[in-house]
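A.B. asks: When you get a sec, could you give me coordinates for this:
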Amino acid sequence: MHPRILCFVLGALAAFAASATVVYKWVDADGLVHYSDQAVPGAEKIYTSSSARSGTVVPLAASPNQAAKKPPAPGALEFTQFAITSPAADQTFFGDEMIGVHLALAPGLKPNQIITWHLNGKQLSDQPPDATSFVIPRLDRGAYAIAATITDQSTGESLSTGSVSFYVRQPSELSPQHKNP
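C.D. replies: Presented below is the predicted three-dimensional model:
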């Protein structure tokens, strides 16, 4: 077969296949939107083509358990301010310096909400569940990351800050002249 004819035939087949594309769209219980080429109960059928039907949405029959589901309620963990303000990102501490930790939080915690702190991924169990400020007494030399998570115990919903990295330097025992002031 001549190459031009082969290209023409393949192009015509591709155009025909593209004009017959059907996509199914649905929203799961968590509010996430999904698209698939497979039909799912409760999904909307969307025709994607260059014809006049382009973008037409045809809802499929919903299953009984999906029809009864309600949209998710607004979260209990909504804060206008929720960030670690101390230590500062990439801050360096020297020697036996105490490290102050502070979480800016507005509005404050509700009675059923707790804070858990994590240093390098490990939970700091010695902090009270409502501590927004505390001091880390002494850390060895190295790089550290601290993060906070607020959990609503009645709903199980949780919200975490981003990790804040900081560093601890220690003076060298072998070189006392390099001790920090």
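A.B. asks: in the chain, what spans have low per-residue confidence?
C.D. replies: Low-confidence segments of the chain (pLDDT under 70): 1-21, 47-76, 175-181.
A.B. asks: the helices in it, which residues?
C.D. replies: Ranges of helices in the chain, per DSSP state H, are 3-19, 64-67.
A.B. asks: what's residue 24 in contact with, if anything?
C.D. replies: Shown in contact with residue 24 (CB atoms under 8 Å, 6 or more residues apart in numbering): 35-40, 43-46, 60. For glycine as for every other residue, the C-beta is placed from the backbone atoms N, C-alpha and C.
A.B. asks: So which of these wins on neighbours?
C.D. replies: The most neighbours of any of these, using other CB atoms under 10 Å, belong to residue 43, which has 21 neighbours.
A.B. asks: give the contact list for it.
C.D. replies: Contacts for residue 43 (CB under 8 Å, 6+ apart) come out as 24-26, 36, 60.
A.B. asks: Any chance of those in TSV with distance to residue 116 as columns?
C.D. replies: Shown next, in TSV, are the contacts of residue 43 (distance: CB to CB, whole Å):
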residue	distance to residue 116
24	40
25	38
26	35
36	37
60	43
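A.B. asks: Show only the entries of those residues found in strands.
C.D. replies: For these, the ones inside strands are 24-26, 36, with DSSP state E as the criterion.
A.B. asks: So what sits opposite residue 146 in the bridge?
C.D. replies: residue 119, residue 164 (DSSP bridges).
A.B. asks: And the contacts of residue 43, which two are furthest apart?
C.D. replies: Farthest pair in the contacts of residue 43 (CB to CB) is 36 and 60. Separation: 12.1 Å.
A.B. asks: Is it correct that residue 154 is in contact with residue 111?
C.D. replies: No. Using CB atoms under 8 Å, residue 154 is not in contact with residue 111, being 9.4 Å away.
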